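Trainee: Requesting a structural model of the entry that follows:
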Amino acid sequence: MPFDPTIAAIPFGMGLSPTIEPPASVGDMLTRLAGSNDIGAAIPIPTFSTVHPSPEEYGNATRARNAVRGTDEEEVAR
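Mentor: You can find the predicted model right below:
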C-alpha cells in the first residue's frame, strides 16, 4: 500500500491543515511528530507522576464521595 500523507497524518492530528502541507513521507511525518521541524514543538504528554490529581488521588476522592452519597456529608465530600 503506498504512503498516503493525508490518511497517515489524520490519526496524529496533523492532517488537512489549510496552512500546513501534509507530510511528504513516513520520515517527514515522524520528524514532525518528534517536534524537530519548523512547524512547532512536539506535543508534550504528561506522565502519571506529573499529573495532579494523580490517578490514585482521583480514585480515592471518587470512592470517598461515593461512600457518603445520599448523606449529610455528601456536600463536604464534593
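
Trainee: from what I can see Phe48 touches Ser54, true?
Mentor: Yes. Between Phe48 and Ser54 there is a contact at 6.6 Å, judged by C-beta atoms under 8 Å. Every C-beta, even on glycine, is put in place using the N, C-alpha and C of the backbone.

Trainee: more neighbours, the two?
Mentor: With neighbours defined as other C-beta atoms under 10 Å, Phe48 and Ser54 compare such that Ser54 has more, 12 against 8.

Trainee: just checking, the more buried one touches Thr47?
Mentor: No. Ser54 lies out of contact with Thr47 (C-beta under 8 Å); the separation is 10.4 Å.

Trainee: Quick one: end-to-end distance for stretch 64-78.
Mentor: End-to-end distance of stretch 64-78: 9 Å, with C-alpha to C-alpha, to the nearest Å as the criterion.

Trainee: distance of Gly27 from Thr71?
Mentor: 60 Å (C-beta to C-beta, to the nearest Å).

Trainee: now do Tyr58
Mentor: Relative to Thr71, Tyr58 is positioned 21 Å away (C-beta to C-beta).

Trainee: what do you get for Ala8?
Mentor: Distance, Ala8 to Thr71, by C-beta to C-beta: 53 Å.

Trainee: next one: Arg65
Mentor: 11 Å.

Trainee: And those two? Which one has more around it.
Mentor: Arg65 (14 against 10).

Trainee: in whichever helix or strand the more buried one is part of, what's buried?
Mentor: Assigned by DSSP states H and E, Arg65 belongs to helix 55-67. Residues of helix 55-67 classed as buried: none (neighbour count, 16 or more other C-beta atoms under 10 Å).

Trainee: For the protein, which segments count as helices?
Mentor: Along the chain, the stretches classed as helices by DSSP state H are 5-9, 26-34, 55-67, 74-77.

Trainee: Output these in TSV; the columns should cover distance to Pro18.
Mentor: TSV is the format used below for the helices of the chain (distance: least, C-beta to C-beta, whole Å):
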stretch	distance to Pro18
helix 5-9	13
helix 26-34	17
helix 55-67	37
helix 74-77	47
